[in-house]
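1. build the 3D model from these lines:
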Amino acid sequence: MRCADLSVVMPNYNHARYLPRALDAILSQSVPAREVLVLDDASTDNSVEVVEAIAKQNPTIKLIRNERNLGVVATMNRGTSLATSRYLLFAAADDYVLPGFFESCLTLLDRHPQAGLCTTFDSAQFGEGGRIELNPSEWGETGYYSPDDVCRVLKHTIPGHATICRRDALLALGGFATELAWYCDWFALVALAFRHGACHVPESLAIRVLMPENYSAEARERERNIAVLGAFFDAITQPASADVAPFFRRNGSATHFGTDLLRAAARRADRWQPAILGLVNGFSEEQYVELLADPDPRVQELASLFLGPFWKKYRAQRQQITDEIVHLNNLLSATRAKLPPPGALGKFRWLATSALRRLAKSH
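-> Numbering: from 1, shown residues only. Below is the predicted model:
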């Protein structure tokens, strides 16, 4: 069977019980990957034994062991450097792919070699064996989307578990930034799409399993999250990001990470620069109002900016529309009150009532 020019990079740390499902789904693809690199990050469970047993029956699988725990981002970068294929899939050991994923994406990428990646729906499962949410992207039809198109249709993220990217494009970007932690794949994949464009298959072809111990769950700790979002501002303001930074500002996807983004911006000396303001100009009025109560005066000051001239015209227009709706509803109610009710009996009663009113006025 023809192999795809694809390397699957799977970091693993103590996920022995999920590995058989994840690897079986990868090995069952209609077009198999050239290699599946399982990078064990110094697991303390029986992960190594599980991978070795599966690899004996499937030479596509290559076990690579970190001598010490490097963390998921460094392990992904190590896998990128060891991969030998043109395309890469970064697969978490607790996620799984669905039939046709490789074939659908790689067919499209072969047709559009300029694309930085091919992505599908961000489908998720809530807990092991829980309900599955398909999360349609609303991009549109199957095909290639230019950087401008991606900026227009992208709502938030490009899901790493459901995306195959070009290895050379990722290396040119510098790989995954360790300082971006749980946002590293979001930044890298969105930047690739803004730089090269992206292909899209509007189907659910991979499932990420949301568990309490997921790496991204660490974003719940505010101070750590603010620090990581601060690293995002560092990355996006570097000269190497000059070509993609305008797309990030126009698209506004970073605001989906919540108001900690503005808290991170407020701690910067350059927070009043347009390059920074443009990245935090996408929250709702309610969110800016909430930030006025933040204990950090820099946060209050920055939030108040967006509640000033930026919002006065918007608030006035919204109030005008609200007033017009109320006025139209009142007119509609008054008009309905003057109309005869439906049905013969209702009309008779209405006519009788009207006649009595006219008679009373005549006396």
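2. ok, now how distant is residue 244 from residue 260?
-> 22 Å (CB to CB, to the nearest Å). (C-beta placed from N, C-alpha, C; glycine too.)
3. now do the helices in the stretch 251-363 of the chain.
-> For the stretch 251-363 of the chain, the helices defined by DSSP state H, counting those that start in this stretch occupy 260-266, 274-277, 285-291, 297-306, 309-338, 344-362.
4. so where does residue 76 fall, helix or strand?
-> Taking DSSP states H and E as the definition, residue 76 sits inside helix 72-82.
5. show me what the helix or strand following that helix is packed against.
-> Downstream of helix 72-82, the first helix or strand assigned by DSSP H and E is strand 87-90. Secondary-structure packing of strand 87-90 (3 or more CB pairs under 8 Å, 6 or more residues apart in numbering; DSSP states H and E): strand 4-12, helix 72-82, helix 101-111, strand 163-166, helix 167-173.
6. turn the ones you listed into TSV, columns for mean pLDDT.
-> As requested, those are exported to TSV (pLDDT from 0 to 100):
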stretch	mean pLDDT
strand 4-12	97
helix 72-82	98
helix 101-111	98
strand 163-166	98
helix 167-173	98
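7. same list, these, but as a markdown table with distance to residue 237 and mean neighbour count please.
-> Listed next are those as a markdown table, based on distance: least, CB to CB, whole Å; neighbours: other CB atoms under 10 Å:
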| stretch | distance to residue 237 | mean neighbour count |
| --- | --- | --- |
| strand 4-12 | 29 | 24 |
| helix 72-82 | 21 | 19 |
| helix 101-111 | 31 | 20 |
| strand 163-166 | 24 | 25 |
| helix 167-173 | 16 | 17 |
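8. shaky segments in the chain?
-> Counting by pLDDT under 70, the ranges of the chain that qualify are 1, 213-219, 309-318, 339-352, 354-356, 358-363.
9. name the SS class of the residue most central in space within it, please.
-> Closest to where the C-alpha atoms of the chain average out (CA atoms, centre = their mean) is residue 157, at 2.3 Å. Here residue 157 is coil, with the state taken from DSSP: H, G, I helix; E, B strand; the rest coil.
10. and it, how far is that from residue 183?
-> Applying CB to CB, the value for residue 157 to residue 183 is 9 Å.
11. residue 188: neighbour count?
-> Using other CB atoms under 10 Å, the number of residues around residue 188 comes to 26.
12. how about the nearest residue to it, chain neighbours excluded?
-> Nearest in space to residue 188, with sequence neighbours left out and distances taken as CB to CB, 6 or more residues apart in numbering, is residue 176 at 5.5 Å.
13. list the contacts for residue 279?
-> With contact taken as CB atoms under 8 Å, 6 or more residues apart in numbering, residue 279 is in contact with 233, 236, 248-249, 252, 254-255, 261, 265.
14. swap in 7 Å and give it another go.
-> Contacts for residue 279 (CB atoms under 7 Å, 6 or more residues apart in numbering) come out as 248-249, 254, 265.
15. please apply the same query to residue 102.
-> Contacts of residue 102 (CB under 7 Å, 6+ apart): 4, 6, 29, 31, 33.
16. which one of the residues you listed is nearest residue 43?
-> Set against residue 43, the nearest of the contacts of residue 102 by CB to CB is residue 33 (22.4 Å).
17. now that closest one: how far from residue 27?
-> Distance of residue 33 to residue 27, given as CB to CB: 9 Å.
18. so between those two, which is more surrounded?
-> Legend: neighbour count by other CB under 10 Å for residue 33 and residue 27, higher for residue 33 (25 against 16).
19. for the residue nearest to that one when sequence neighbours are not counted, which residues make a bridge with it?
-> Leaving aside its sequence neighbours, residue 33 sits nearest to residue 6 (CB to CB, 6+ apart; 4.3 Å). Beta-bridge partners recorded for residue 6 (DSSP bridges): residue 87.
20. please consider this matter closed, and thank you.
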